[in-house]
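Asker: Below are the sequence and a predicted model for it; my questions follow.
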Amino acid sequence: MASFVDRVILHLSAGNGGHGVASVHREKFKPLGGPDGGNGGRGGNIIFRVDPQITTLLEYHHGPHRTAPNGRPGEGGERNGAQGADLVLAVPDGTVLCTRDGEVLADMVGAGTEYVAAQGGRGGLGNKALASQRRKAPGFALKGVPGETREVVLELKVLADVALIGFPSAGKSSLVSVLSAARPKIADYPFTTLVPNLGVVTAGGERFTVADVPGLIPGASEGKGLGLRFLRHVERCHVLVHVIDCATLEPGRDPLSDLDAIEHELAEYVPDASLGGMPLAERVRMVVLNKADVPEARELAEMVKPDLEARGLEVHIISAVAHTGLKELTFALARAVAQARAEHIVIEPARTIVRPKAIDDSQFQIRRSETDEGVVFQVIGERPTRWVRQTDFANDEAVGYLAERLNRLGVEEELLKAGAVTGSTVLIGPEDDAVVFDWQPTISAGAELLGQRGTDIRLEDRHRPTRGEKRESFHGKMDAAAAARAELDKDRRAGVWTDPDDA
Ligand SMILES: Nc1nc2c(ncn2[C@@H]2O[C@H](COP(=O)(O)OP(=O)(O)OP(=O)(O)O)[C@@H](O)[C@H]2O)c(=O)[nH]1
Ligand SMILES: [Mg+2]
C-alpha cells in the first residue's frame, strides 16, 4: 500500500547554544584589561503552529528531519552571539502530537495554537559574565548546551462536521465531489481514498465541512484493512453519514448487513480518551442509499428504506452520479450539523500549549546502583546535567567552577550521604548521555577527614575500619560537608556566589 500522510514521525533537533568565549580586554597602555568575552546565543526552538492553510502532513512525510539553527558563539569585546532563529512548523488544524509510545503531547486545535516541541540549548556565558568578586578574571567560559532532540509523531485527525463512512467504493468520494467544490480521486477500485478529503458545503444558512473517510471493512476496529487509521478520522466529526452502495454485486452484501458491519466497527473502536472523545456510537447518524441511478439499486433502496427508518434512522436515496436526491440531503445535513453544533462546544480558542517541566528542575536526585563494575552513583537533575554539558573539561578552571556549582547545590553532600567515597564512579545526567567521573570531593575543609586522598590503596587492607570507626568517619564527613556548605551559604548571602547562569 502506498504512503500514508496522516501519520508522520518527525525527528527534531533544536539549535545548539553558542559557546561563551574567554577573552581579555586589550588596549594600549592598559595591561589589566579585564575579561570581556561575550555570551553565546541560545539555539533555535522548534515550534509547531496550526495554520488553517495547511491541510495535509505531506510536507513532513517528504522531510521528516527538522533542525533549528544554532546560536552563534560569543566574541571578545563583550559581544554576545546571535540567537538561533526559532523554526516554526506549520501543521493542519486537528493535528495531534504524540510520543512514539502514543502519549499525547499536544492537541493542536484552533488557528495559531503553538507548541514548543524541542527547546534550543542555552548559550554559554562568556568570561565577562562569569566574573565575580571572588573570581575577577575567569580564564574560561561556559560551553553552549546542545539543543533538545526529540521524536514526535504527528497524527492528523480530521475536524469536520460530517463524516461519510462506508465500505470501499460505496461512493463517498463521489458524494463529496458533488456536494462541494472538492475534487477527490474517484475510481472503481477499493481504497481509492487513502487520506480524507474535505469539502465545504453551504446550505440552509449553514456552512459546514464534509469529510470523505477512506473505506471501512469488517475488522477495521482491530486494524484490518486500513483499519484504525481511518476510524481515527471519524473521531472528531459530529455527524456520521453511512454511505451505502445499493448496486454492489459482491456476494453476502446488502444495505442492512453493510450498515450493521460498519456500526459494529464503530462500536468496537475506542476513541482516544485523552482527547475527550465521545464514543462513536453516540454521534448523530444518517443513512444515504447511493447509486439509485442503477434500476436494481433503486429497487433495493426503496425496499430497505422502511426497515432503516424503523430503526429510527433518517434515510436518503440518492445518486451521486446522476445528482438525484442531493438537495434534500444537503439540507438534512445542514439541520443535523446545526443540531450537533448546538449540543457541542465546537469553537476552541487558539492557545499556546506550554510543555510541563518533567520534575522540579531546581532539585536533583542521587541514585545508587550496583553494577558489574561496582557501585555507581547517578546524579539526576536538570541543572547538574546542564552544568556538565557547559563545562570545557580541557580547562582546569572550568572544571573547578563546575565543582563549585555542584557543591553549592549540595550534590557533594548528598553523594557523601549516599555513601560515595573518593574514586567512586559518579554519573551525571541521564543514563544514555551521562558524563562519568571518578569522584574527588572538593570540600577543602573536609579533605583530611575524608582520609582516602593520597593513601596507598594497598595499605588499606591492613586495617579494616570497625563499625564505630566507620560511623565516626561518616560523622566527620558530614560535619565537614556541613561546614563547607555553611561557608558557601555565607558566600551566597554576601552575594559572592550568585550563579550568573541562573535564569
Ligand atoms: N452508478 C453509480 N456509480 C457510482 C455512484 N457513486 C459512485 N459511483 C461509482 O462507484 C465507484 C467508487 O466511487 P468512489 O466515490 O471512489 O467510492 P469511495 O466510497 O470513495 O471508495 P473508497 O475511497 O475506495 O473507499 C466509482 O467508480 C464511482 O464512479 C452512483 O451514484 N451511481
Ligand atoms: Mg473514496
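Answerer: Looks like it came in fine. Numbering: from 1, shown residues only. Ligands and ions are numbered 1, 2, ... in the order given.
Asker: who in the stretch 101-250 of the chain is up against ligand 2?
Answerer: With CB under 5 Å from the ion as the criterion, the stretch 101-250 of the chain comes near ligand 2 at residues 172-173, 192-193. No exception for glycine: its C-beta is placed from N, CA and C like everyone else's.
Asker: before we move on, what about the chain?
Answerer: For the chain, the contact set with ligand 2 under CB under 5 Å from the ion comprises 172-173, 192-193.
Asker: Which of the residues you listed sits closest to L87?
Answerer: Ranked by distance to L87 (CB to CB), the residues of the chain next to ligand 2 are led by T193 at 32.2 Å.
Asker: residues contacting the closest one?
Answerer: If you count contacts by CB atoms under 8 Å, 6 or more residues apart in numbering, T193 has them with 172-173, 184-185, 212-215.
Asker: repeat that with 6 Å
Answerer: Residues in contact with T193 (CB atoms under 6 Å, 6 or more residues apart in numbering) are 173, 212, 214.
Asker: pLDDT wise, what is the nearest residue to K291 once chain neighbours are set aside at?
Answerer: Excluding its sequence neighbours, the residue lying closest to K291 (CB to CB, 6 or more residues apart in numbering) is A247, at 4.0 Å. pLDDT for A247: 91.
Asker: contacting residues for A247?
Answerer: Residues in contact with A247 (CB under 6 Å, 6+ apart) are 291, 294, 297.
Asker: Quick check: which element contains it?
Answerer: Assigned by DSSP states H and E, A247 falls within no helix or strand.
Asker: Got the phi and psi for it?
Answerer: Note on A247: backbone dihedrals following degrees, to the nearest 10 are phi -110, psi 10.
Asker: In a helix, A394, correct?
Answerer: No. In this structure, A394 is coil, not part of a helix, as judged by DSSP: H, G, I helix; E, B strand; the rest coil.
Asker: what about it, neighbour count?
Answerer: Residues lying near A394 (other CB atoms under 10 Å) number 8.
Asker: neighbours around V294, how many?
Answerer: 17.
Asker: what are the phi and psi angles of it?
Answerer: V294 has phi and psi values of phi -80, psi 120 when expressed as degrees, to the nearest 10.
Asker: so how far is T149 from it?
Answerer: 57 Å (CB to CB, to the nearest Å).
Asker: just R389 next, same as before
Answerer: Between R389 and T149 the computed distance is 13 Å (CB to CB).
Asker: Who has more neighbours out of the two?
Answerer: R389 (21 against 12).
Asker: Model confidence for that one, exactly?
Answerer: pLDDT at R389 comes out at 90.
Asker: can you pull out the helices in the stretch 1-150 of the chain?
Answerer: Along the stretch 1-150 of the chain, the segments classed as helices by DSSP state H, counting those that start in this stretch run 58-62, 127-130.
Asker: Between those helices, which one is closest to L164.
Answerer: L164 sits nearest to helix 58-62 of all the helices of the stretch 1-150 of the chain, at 21.8 Å, using CB to CB.
Asker: and the closest one, which residues are buried?
Answerer: 60-61 (16 or more other CB atoms under 10 Å).
Asker: quick one: it to chain centroid distance?
Answerer: Centroid separation for helix 58-62 versus its chain: 18 Å, with CA atoms, centre = their mean, to the nearest Å.
Asker: which intervals of the stretch 1-150 of the chain have sub-threshold pLDDT?
Answerer: 1-6 (pLDDT under 70).
Asker: Domain parsing of the protein, as residue ranges.
Answerer: Annotated domains of the chain cover 1-156, 162-343, 365-493 [automatic domain parsing].
Asker: can you list those domains in a markdown table and add distance to ligand 1?
Answerer: Output for those, formatted as a markdown table (distance: least, CB to the nearest ligand atom, whole Å):
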| stretch | distance to ligand 1 |
| --- | --- |
| domain 1-156 | 12 |
| domain 162-343 | 3 |
| domain 365-493 | 44 |
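Asker: what about P500, which SS state?
Answerer: Judged by three-state DSSP, the three-state class of P500 is coil.
Asker: Next one: the residue lying closest to it once chain neighbours are set aside from ligand 2, what distance?
Answerer: Closest residue to P500 apart from its sequence neighbours, by CB to CB, 6+ apart: A129 at 5.0 Å. Using CB to the ion, to the nearest Å, A129 is found at 61 Å from ligand 2.
Asker: In the stretch 401-503 of the chain, which residue sits closest to ligand 2?
Answerer: When scored by CB to the ion, the stretch 401-503 of the chain has D432 as its residue closest to ligand 2, at 44.4 Å.
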